[in-house]
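# Starting from these lines, generate the structure:
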Amino acid sequence: MDPDREDAARLRRGDTSALAGLMSRHQARLFRYLLRLVGDESLAEDTFQQAWLQVAERIGRYDASRPFAPWLFTVARNLALDHLRRQRSESLDDVDEPAAPRSASDPLERALARQQTARMAAALTELAPLDREVLSLRFEEELLLPELAAKLGVPLPTAKARLYRALTRLRERLLATAAAGDWR
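This next block holds a predicted model:
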């Protein structure tokens, strides 16, 4: 039996120490996912904590015949989207400028790389949360399309369509904010 299912079974029996094992295996990826989805560190932290509380409270709803991670991410995703719906006044203007690539030694190259990275980050924050989610799962979590579909809980063709639409919207944002030649 895999460790997630063992810990979930222990948690279902009331052994709250099993939550530590689940958290140790999933906390980093879950937090990164939530941070990308909501676009705000404090909101991601709140949602992260709420997700684990719901896991502990609702472990009886988990189907042990299925992998634990998709269920966990679905719980967290639903919480994040509910919060974003309630908030409606998303503040996505506070994006830190990412560091320049270490390999670029020329100051002009570093400046251009920072500029392009900042444009990409700004374009991503302008996307809807569902678009950010699918892009984050595919490119940051490096999920393959079948894994992406499972994580989203949708059929493979739907996952492909969502990814395609998100990439199209991202491209449109980038082209709207910069000359097409800047992204070659």
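# where's residue 126 relative to residue 171, distance?
12 Å (C-beta to C-beta, to the nearest Å). C-beta coordinates here come from the backbone N, C-alpha and C atoms, glycine included.
# Who has more neighbours out of these two?
Neighbour count, other C-beta atoms under 10 Å: between residue 126 and residue 171, residue 126 has more, with 17 against 13.
# mind giving me the domain split of this structure?
Domain ranges of the chain: 3-87, 107-183, per automatic domain parsing.
# Buried residues of the helix or strand hosting residue 8, list them for me.
Secondary-structure element containing residue 8, defined by DSSP states H and E: helix 3-12. With burial defined by 16 or more other C-beta atoms under 10 Å, the residues of helix 3-12 counted as buried are 4, 7, 8, 10, 11.
# Make CSV from the residues you listed and add pLDDT to it.
As requested, these are exported to CSV (pLDDT from 0 to 100):
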residue, pLDDT
4, 90
7, 91
8, 91
10, 90
11, 88
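# of those residues, closest to residue 133?
residue 4 (21.8 Å; C-beta to C-beta).
# And for that closest one, nearest residue in space, chain neighbours not counted?
residue 68 (3.7 Å; C-beta to C-beta, 6 or more residues apart in numbering).
# Tell me the pLDDT of the one you found.
Predicted confidence (pLDDT) for residue 68: 90.
# so how far is residue 154 from it?
In terms of C-beta to C-beta, residue 68 sits 19 Å off from residue 154.
# who's more crowded, these two?
Shown here are residue 68 and residue 154; by other C-beta under 10 Å, residue 68 has more neighbours (21 against 15).
# correct me, but that one touches residue 62?
Yes - contact criterion C-beta atoms under 8 Å: residue 68 and residue 62 qualify, at 6.9 Å.
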